[in-house]
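**Q** Structure for the following, please:
(chains A and B)
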Amino acid sequence: MTTSTSLVYLIALPLFGAAILLLAGRRADSWGHILATLLSASSFGVGLYQLSQMLSRATEERAVTQKLFAWINVGSFNVDAGLLLDQLSICFVLLITGVGTLIHIYSISYMSHDENRRRFFAYLNLFIAAMLLLVLGNSYLNLYVGWEGVGLASYLLIGFWNQKPAYATASKKAFVMNRIGDMGLTFAIMIAFATLGTVSFSGVEAASHTASKAALTGIGIMLLIAATGKSAQFPLQAWLGDAMAGPTPVSALIHAATMVTAGVYLIVRSNFIFDAAPTAQLLVVIVGAITLTFGALVGTAKDDIKKALAASTMSQIGYMILGAGLGPAGYAFAIMHLLTHGFFKAGMFLGAGSVMHGMNDQVNMRRYGALRKFMPITFATFGLGYLAIIGVPPFAGFYSKDAIIEVAFNAGGVKGILLGSTALLGAAITAFYMTRVMVLTFTSPKRWEDDQHPHESPWLMWIPMAILAIGSVTTGYLFTRGHALVHWLAPVVGEHAETEEMLIKPIVVSAMALVAVVIGVAIALAKYQFSEVDELAPENVSLFTEIARKDLMQDSFNEAVFMRPGQVITRVLVKGDESVVDGTVRTVARIVMGSGSTLRKTQTGFARSYAALILIGAVVLIAGIWVVTQ
Amino acid sequence: MNPYNYLYVAGLLFTIGAVGVVVRRNAIVVFMCVELMLNAANLTLVTFSRINGTLDGQIAAFFTMVVAACEVVVGLAIIVTIYRSRRSASVDDASLLRR
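**A** Take a look at the predicted model:
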């Protein structure tokens, strides 16, 4: 294994930036954002350098490690704080630092009127550092540190405008739901330590060949729970919609491109566990399939542009999880969809931010319309992202999403048919709701007040959008050309033997997907482009619409099943604590106090009474001895 | 003479002393009663020495006398000091420790 001494700079640079910006305080207000952007960009530079180094080595020599220090050294259990950069993590490193830097640049302008811009950039840098640690850690324990770090950064950034109580609540909700997932990761680490005796990726991989199936299944399920929390998958998805309370660049970076994909990374990184534990792998697939439909359905009913995009993110990550659950055939495509999604979804979020910027922070799509004329660049970049996400060839989503649908169909048997159809249905719904967003925002007649003056955003904002749009156009082609990404990732996720017989040919899958997309687009056009759109959301809608507007009752479900019983339990526990524990302690104290104040009365302060007591005591003692010895 | 008679005398002396300590208020009298109790103990020790035909008891009696002498010095000094500050030698007046 090649070692390197420069990996640590990837993390250290943004971490340094966060420290400087937070410690320097108001003094850094004038230059903090520039420093943060430069540090993020230089981290991207280090990433590029590492990539070039990696390319210059032979395939089996490409992974590099760096040992930072011996972290835990107890008996036979040793964990080093170490970094591992291989073909999988370099994809993430470049995505995180690349998209991260673009979003830093965008935020300079987007947050320019916010007096806390420096703090915002400090948190962004903190997030980049934590996310890099997450993907660079060489053991589950190191990954865990980054995992918690991104949770913290996400919490701080969702609640960045915490002067609004609803936003503060949203950040708390995200944090608490993430904690539930984090418990899964904790348990996975504990099981790995207890049964395999190691928590490093290489150690667990080596041990997974001989470990019991039960242990591996346990670890797999726990890792899946962790992934559902961080990646907003069913059943822990309810926080993502509310997380849109954060500033839009945060939604683009953390809640679309990078952090929420950490679950996919975790599953792909743990491929050796899931390959050996079919039950856990099946659960992964089920979670992915449920979430991709779930998110898509929610997306059809949202009028808030950011929440519609958030639902779409949920759905697209569902595709990735589905791909990751399909074993060696799907890992590379999950990562490919993750990367292309990182481009087009971040681009669309930045586009949404640009629209909000021009529309006085209006987020209701029913009050948009006809913005194509006023924001041509935003329209163009958003449109390219839109074409990418619905999977129109030759845009990025076409390659990555079709690949997942194809692998799903070829999973074999009834499972394959079910998964493939679900993914296909999801593609149709995706086409519908994304067209809806597009039409309502840009091409339908205007529905905003005359005192609003939509305008194109400054160049600092549209340049990142344009770069991301270029990415959404080209990445799919680049990754699939000669199976580039599949071969690139093969040393990490395992080579997938070409299936002897494909159930459905790729060209047929593509055709079916395109038909699904056309149907979705057509319905959306008929409904929103060629007919009147109400400025207010219609009241008397069908039950299904009502349910979809309420995130398919997920909040109500959580409230009824977990929150209320939880409150009852805490109330009972508090009562029990007060009556039993406190009661016992208070009774003991009362007895001691009572006997003390009774005994105190014998202490009169008169020397003669003490003398009398001593005398009586002596007499009693002597009498006692006399009685006993007689 | 029957040596047990000495013990009866000693018991009587001790009882008088003990009752005096408990009953009397004047610190000087209480003090004298304490001396009476010490002397009763001395008498007992000497008597037992005689009965057993050894010198241990007499040696112990000498120790008691030395201790008693020291105690007289310290005790009288305390009583005189208290009397000077309070114009009273009653032991019941010096009950400040209760508070």
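**Q** Tell me the helix or strand right after the helix or strand where residue A:191 lies.
**A** Residue A:191 belongs to helix A:165-191 when assigned by DSSP states H and E. Per DSSP H and E, the first helix or strand lying C-terminal to helix A:165-191 is helix A:201-208.
**Q** I'd like to check the angle between that following helix and helix A:165-191, please.
**A** 50 degrees (axes from the mean of the first three to the mean of the last three Cα atoms, to 10 degrees).
**Q** Only the buried residues of the helix holding residue A:191, if you could.
**A** By 16 or more other Cβ atoms under 10 Å in any protein chain shown, the buried positions in helix A:165-191 come out as A:167, A:170-175, A:177-178, A:180-182, A:184-189, A:191. All C-beta spots, glycine's among them, are computed from the backbone N, C-alpha and C.
**Q** cool, and stretch A:455-464?
**A** Neighbour-count burial for stretch A:455-464 [16+ other Cβ under 10 Å]: A:456-457, A:461-462, A:464.
**Q** Tell me which entries of those lie within helices.
**A** Of these, the ones assigned to helices by DSSP state H are A:461-462, A:464.
**Q** any chance you could map the helices in chain B?
**A** B:4-23, B:27-52, B:56-86.
**Q** Next, the buried residues of the longest one.
**A** Spelled out, that is helix B:56-86. B:57, B:60-61, B:64, B:68, B:75, B:79, B:82.
**Q** Show me the shaky parts of the chain.
**A** With no chain named, the answer covers chain A. A:1, A:496-504 (pLDDT under 70).
**Q** hmm, I had chain B in mind actually
**A** B:97-99.
**Q** Got phi/psi on residue A:56?
**A** Backbone geometry at residue A:56, expressed as degrees, to the nearest 10, gives phi -80, psi -10.
**Q** Residue A:280 touches residue A:221, doesn't it?
**A** Yes. Counting by Cβ atoms under 8 Å, residue A:280 touches residue A:221, with 5.1 Å between them.
**Q** The helix holding residue A:191 packs against which elements?
**A** helix A:140-158, helix A:213-230, helix A:239-242 (3 or more Cβ pairs under 8 Å, 6 or more residues apart in numbering or on different chains; DSSP states H and E).
**Q** Now do the same for residue A:479: helix, strand or coil?
**A** helix (DSSP: H, G, I helix; E, B strand; the rest coil).
**Q** what's near enough to touch the closest residue in space to it that isn't next to it in sequence?
**A** Of all residues not flanking residue A:479 in the chain, residue A:485 sits nearest, at 4.1 Å (Cβ to Cβ, 6 or more residues apart in numbering or on different chains). Residues in contact with residue A:485 (Cβ atoms under 8 Å, 6 or more residues apart in numbering or on different chains) are A:91, A:332, A:335-336, A:339, A:479.
**Q** Redo the helices and strands packed on helix A:165-191 as TSV? Include distance to chain B.
**A** Listed next are the helices and strands packed on helix A:165-191 as TSV, based on distance: least, Cβ to the nearest Cβ, whole Å:
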stretch	distance to chain B
helix A:140-158	58
helix A:213-230	65
helix A:239-242	64
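**Q** In CSV: those, plus mean neighbour count.
**A** Shown next, in CSV, are the helices and strands packed on helix A:165-191 (neighbours: other Cβ atoms under 10 Å in any protein chain shown):
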stretch, mean neighbour count
helix A:140-158, 23
helix A:213-230, 24
helix A:239-242, 25
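**Q** and these as TSV, adding distance to residue A:425?
**A** As requested, the helices and strands packed on helix A:165-191 are exported to TSV (distance: least, Cβ to Cβ, whole Å):
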stretch	distance to residue A:425
helix A:140-158	30
helix A:213-230	21
helix A:239-242	21
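**Q** that older thread, weed out the non-buried ones from the contacts of residue A:485.
**A** The buried subset of these (16+ other Cβ under 10 Å) comprises A:91, A:332, A:335-336, A:339, A:479.
**Q** Considering those, which is situated nearest to chain B?
**A** residue A:91 (81.2 Å; Cβ to the nearest Cβ).
**Q** Which stretches in the stretch 201-350 of chain A count as helices?
**A** Listed in chain order, the helices of the stretch 201-350 of chain A (DSSP state H, counting those that start in this stretch) span A:201-208, A:213-230, A:239-242, A:248-252, A:262-269, A:271-276, A:278-301, A:305-324, A:328-358.
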